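Chemist: Structural data only, the sequence is not supplied:
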């Protein structure tokens, strides 16, 4: 859970399939009493929710949480002061909401893989704006006082979140983006109400901001956020007692191939050695037109007639 030292009673996390996603430290983020940033792993097609867990020490006011996907406002939710009396006050925002003719709808949050195109097509201005804010889920917290609650008849989606389609590779400018956020098709829910509020801070500044940078596992490895997978140990270097039946068969197959290759090489060398012993060569003397042929240079010395002349020098008869 992302926690600010200045707000120890507020914990924000991203959940997927009912489980809180593991968070990784963002070493590029400068320490800040009002801002915290974490990395999380995104899985293509997975739905996610934004959960807050508020407990003692209880905040002094009602909190308005605003949720942003890729820097676009997706939804908001009141964490009311009157509920600050249980061990903890937990809520999970599963998507954006809308209302049509008194019927409520939920548009669930989800991750979608980016499709990168290496074509050199021009990059539209709007696409560049979308990419600039991509890769982040942000929660901003404001202290407010709720004034009036009213029923809702019609309420459009308070966002322009949409999948951007193919992205030219040059538009990423080296960023390690792998996913984008999207909204599922609307799902009917119960009718809901809304409320107005006054901000405790006249400047309407958030007192806490929680950012989750989502990336694929491969992207997190490339950023050295999580360790790279170790290289597998070769079968030949592993203890045979740890090998499965399939691995044993593969190891035996490799050994047989190496033995066959070794036999073929040995046989080839033997053939070349025999050819070298039997081959003939021709030497041409450039000083005249006579050609001297040496039929064989491998005849053993002891087969020649050897004599010693009057000066004690050995003479060999090559005839």
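Modeler: Arrived safely, thanks for sending. Only a predicted model underlies this, so the values are computations on that prediction, with no experimental measurement involved.

Chemist: mind listing the strands for the stretch 51-200 of the chain?
Modeler: Counting by DSSP state E, counting those that start in this stretch, the stretch 51-200 of the chain has strands at residues 62-69, 72-79, 88-93, 95-100, 103-113, 115-117, 136-151, 166-168, 179-183, 187-189, 193-199.

Chemist: Nearest to residue 24, out of the ones you listed?
Modeler: strand 136-151 (14.2 Å; CB to CB). Where C-beta positions appear, they are placed from N, C-alpha and C, glycine not excepted.

Chemist: and the closest one, how far out from the chain's middle?
Modeler: 34 Å (CA atoms, centre = their mean, to the nearest Å).

Chemist: Go through the helix ranked longest in the chain and flag the buried ones.
Modeler: Counting by DSSP state H, the longest helix found in the chain is helix 245-278. Neighbour-count burial for helix 245-278, counted by 16 or more other CB atoms under 10 Å, picks out residue 251.

Chemist: Can you tell me the centre-most residue of this protein?
Modeler: The residue lying closest to the centre of the chain (CA atoms, centre = their mean) is residue 218, at 1.7 Å.

Chemist: OK, contacts around residue 40?
Modeler: Counting by CB atoms under 8 Å, 6 or more residues apart in numbering, residue 40 makes contact with 14, 21-24, 212-215.

Chemist: Now a PyMOL select for only the buried ones of these.
Modeler: For the buried members of these, the matching PyMOL selection, counting by 16+ other CB under 10 Å, is:
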select buried, resi 14+21+23+24+212+213+214+215
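
Chemist: In strands only, show me the contacts of residue 40.
Modeler: Members of those lying in strands (criterion: DSSP state E): 14, 24, 212-215.

Chemist: and these as TSV, adding pLDDT?
Modeler: Below are these laid out as TSV (pLDDT from 0 to 100):
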residue	pLDDT
14	97
24	93
212	96
213	95
214	95
215	94
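
Chemist: For residue 157, see how far away residue 151 is.
Modeler: From residue 151 over to residue 157 the distance is 19 Å, taken as CB to CB, to the nearest Å.

Chemist: more neighbours, these two?
Modeler: residue 157 (16 against 10; other CB atoms under 10 Å).

Chemist: Identify the residue nearest the more buried one in space, chain neighbours excluded?
Modeler: residue 98 (5.0 Å; CB to CB, 6 or more residues apart in numbering).

Chemist: Could you report the neighbour count for that neighbour?
Modeler: Quick note: residue 98 (other CB under 10 Å) scores 19 neighbours.

Chemist: Ok, the one 3 residues further on next?
Modeler: Look at residue 101: counted by other CB under 10 Å, it has 6 neighbours.

Chemist: Got the confidence number for it?
Modeler: Note on residue 101: pLDDT of 87.

Chemist: now do the one 5 residues further on
Modeler: The confidence metric pLDDT takes the value 94 at residue 106.

Chemist: List the beta-bridge partners for it.
Modeler: Beta-bridge partners for residue 106, by DSSP bridges, are residue 97, residue 187.

Chemist: so it touches residue 189, yeah?
Modeler: Yes - between residue 106 and residue 189 there is a contact under CB atoms under 8 Å: 4.8 Å.

Chemist: Find residues that contact each of the two.
Modeler: When contacts are counted by CB under 8 Å, 6+ apart, residue 106 and residue 189 are jointly contacted by residue 97.

Chemist: When those two are compared, which one has more neighbours?
Modeler: The neighbour comparison of residue 106 against residue 189 (other CB under 10 Å) goes to residue 106, with 19 against 15.

Chemist: Tell me who's in contact with residue 240.
Modeler: Counting by CB under 8 Å, 6+ apart, residue 240 touches 248, 251.
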